[in-house]
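1. build me a structure from this.
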Amino acid sequence: MTFHRGDEGRPQTSGLDDILKGRRMRRLRRADWSRRLVRETTLTVDDLIWPVFVVDGENVRVDVPSMPGVQRLSIDLAAAQAEEAARLGIPAIAIFPYTDPDLRDTMGSEAVNEQNLVCRATRAMKAAAPEVGLITDVALDPFTSHGHDGVLAGEEILNDETVAQMCRAALVQAAAGSDVIAPSDMMDGRVGAIRRALDGAGYHHVQIMSYTAKYASAFYGPFRDAVGTNKTLRGDKRTYQMDFGNIDEAVREAELDLNEGADSIMVKPGMPYLDVIRRLKDTFAVPTFAYQVSGEYAMIKAAAANGWIDGERAMWESLAAFKRAGADGVLTYFAPFIARQMKARG
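-> Numbering: from 1, shown residues only. Purely as a prediction, here's the structure:
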């Protein structure tokens, strides 16, 4: 290809138009209105699930240092958050408890107490904003003294005993008004057992959102700070959470969960596992969610605080990535900020 100067002194090419055949992709990127008009993936408030941490007390706000902008809230303030979610149009809230350490034991017994923190928060938040869906996590780690998601015998997590305990926990949560039971433990057979328990008790309408592909990840640290399990966890969770090298295994897990009665599936963490989200969505074509976990949130916030990235743009870009990968919705701690911006823009 040769270059020469045109009459106006600008570099011109010979043969470039022949090569491009008139297909200049940049024409569609030239103006904001055009970029918006042809955008393939869009993010709306309907894509957001807001994780909220609850703690006992009244008018209590406790900062989570490793998650700037995130707090544990007492039930009265969590109810106010539910009202805000309704005003902003956020469809659903996921509830996670910080359980008093004195109430934790090896069995996670507090999980089946119908007056536990999750159940009381669920009742208050549902009363405050009945139109907002409430998702309650069914796992034992916020209630165990050892920080694991199951019943521990020596060094072994007991699968079937854990599932039985989770079924009892699911029933008290459903009775409190939970709209979606979300088993996050990765025990075998738990989705089918919970579905049978819910149906047997008349809770046919309660959904199950299964943490289908929950990986043994390094990105959970700030979350464990928020629910108070970082200091109590003994060992790691690799005997029941998935190995980060596997994707075919996620497909098998999803098939099992769907056959057992899951209404929707989730991949956790989100950003390092976009390929898993896409694979599951393409394979099963069912409602598929991603959890933008605490470590992902904390990295964006920390890098932004240091001036290394534009935090707001990174936030939008990261959430768009989940949608582009095939997620129908995202659990994200950015939910209220995103929703407020959307509302302000009209």
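
2. I'd like the distance from whichever strand or helix holds Pro336 to the chain centre, please.
-> Element membership for Pro336 (DSSP states H and E) is helix 335-345. Relative to its chain's centre, helix 335-345 lies at 18 Å (Cα atoms, centre = their mean, to the nearest Å).

3. before we move on, what about stretch 113-127?
-> 21 Å.

4. list the buried residues of stretch 324-343.
-> Within stretch 324-343, the residues scored as buried using 16 or more other Cβ atoms under 10 Å are 325-336, 338-339, 342. To be clear about C-beta, it is placed using only N, CA and C from the backbone, and glycine gets the same treatment.

5. can you give me the mean pLDDT across it?
-> Averaging pLDDT along stretch 324-343 yields 97.

6. ends of it, how far apart?
-> End-to-end distance of stretch 324-343 (Cα to Cα, to the nearest Å): 22 Å.

7. for the protein, what's the longest helix?
-> helix 159-176 (DSSP state H).

8. which other helices and strands contact that helix?
-> helix 117-128, strand 133-138, strand 151-153, strand 180-183, helix 190-200 (3 or more Cβ pairs under 8 Å, 6 or more residues apart in numbering; DSSP states H and E).

9. which residue, other than its chain neighbours, is closest to Ile309?
-> Counting by Cβ to Cβ, 6 or more residues apart in numbering, Ile309 lies nearest to Ala303, which is 4.6 Å off, once chain neighbours are set aside.

10. any idea which helix or strand comes after the helix or strand where the one you found lies?
-> If you go by DSSP H and E, Ala303 is part of helix 294-305. Once the chain leaves helix 294-305, the next helix or strand it forms, by DSSP H and E, is helix 311-325.

11. packing partners of the helix or strand that comes right after that following helix?
-> Following helix 311-325 in sequence order, the next helix or strand is strand 329-331 (DSSP H and E). With contacts taken as 3+ Cβ pairs under 8 Å, 6+ apart, strand 329-331 sits against strand 48-55, strand 288-291, helix 311-325.

12. kindly reformat those as TSV containing distance to Glu114.
-> Output for these, formatted as TSV (distance: least, Cβ to Cβ, whole Å):
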stretch	distance to Glu114
strand 48-55	16
strand 288-291	27
helix 311-325	35
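
13. let me know the secondary structure of Gly245.
-> Gly245 falls in the coil class when you classify it by DSSP: H, G, I helix; E, B strand; the rest coil.

14. before we move on, the earlier item: tell me which of the helices and strands packed on strand 329-331 sits most buried.
-> Of all these, strand 288-291 carries the top mean neighbour count, a mean of 26, counting by mean count of other Cβ atoms under 10 Å.

15. what residues does it touch?
-> With Cβ atoms under 8 Å, 6 or more residues apart in numbering as the test, strand 288-291 has contacts from 49, 209, 211, 264-270, 273, 277, 280-281, 322, 325-331.

16. so which of the helices and strands packed on strand 329-331 gets nearest Arg35?
-> Distance to Arg35, taken as Cβ to Cβ, is lowest for helix 311-325 among the helices and strands packed on strand 329-331, at 12.9 Å.

17. what is the orientation angle of that closest one with helix 335-345?
-> If you take axes from the mean of the first three to the mean of the last three Cα atoms, to 10 degrees, helix 311-325 sits at 100 degrees to helix 335-345.

18. just to revisit the earlier point, looking at the helices and strands packed on strand 329-331, which is nearest to Leu77?
-> In terms of Cβ to Cβ, the element of these nearest to Leu77 is strand 48-55, at 8.7 Å.

19. re earlier: reformat the helices and strands packed on helix 159-176 as CSV; add distance to Phe219.
-> What follows is these, written out as CSV (distance: least, Cβ to Cβ, whole Å):
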stretch, distance to Phe219
helix 117-128, 23
strand 133-138, 17
strand 151-153, 23
strand 180-183, 18
helix 190-200, 23
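
20. ranking these by burial, who's on top?
-> Greatest average neighbour count among those goes to strand 180-183 (a mean of 25), per mean count of other Cβ under 10 Å.

21. pull up the pairing partners for it, direction included.
-> Strand 180-183 has the following strand partners under DSSP bridges: strand 133-138 (parallel), strand 207-214 (parallel).
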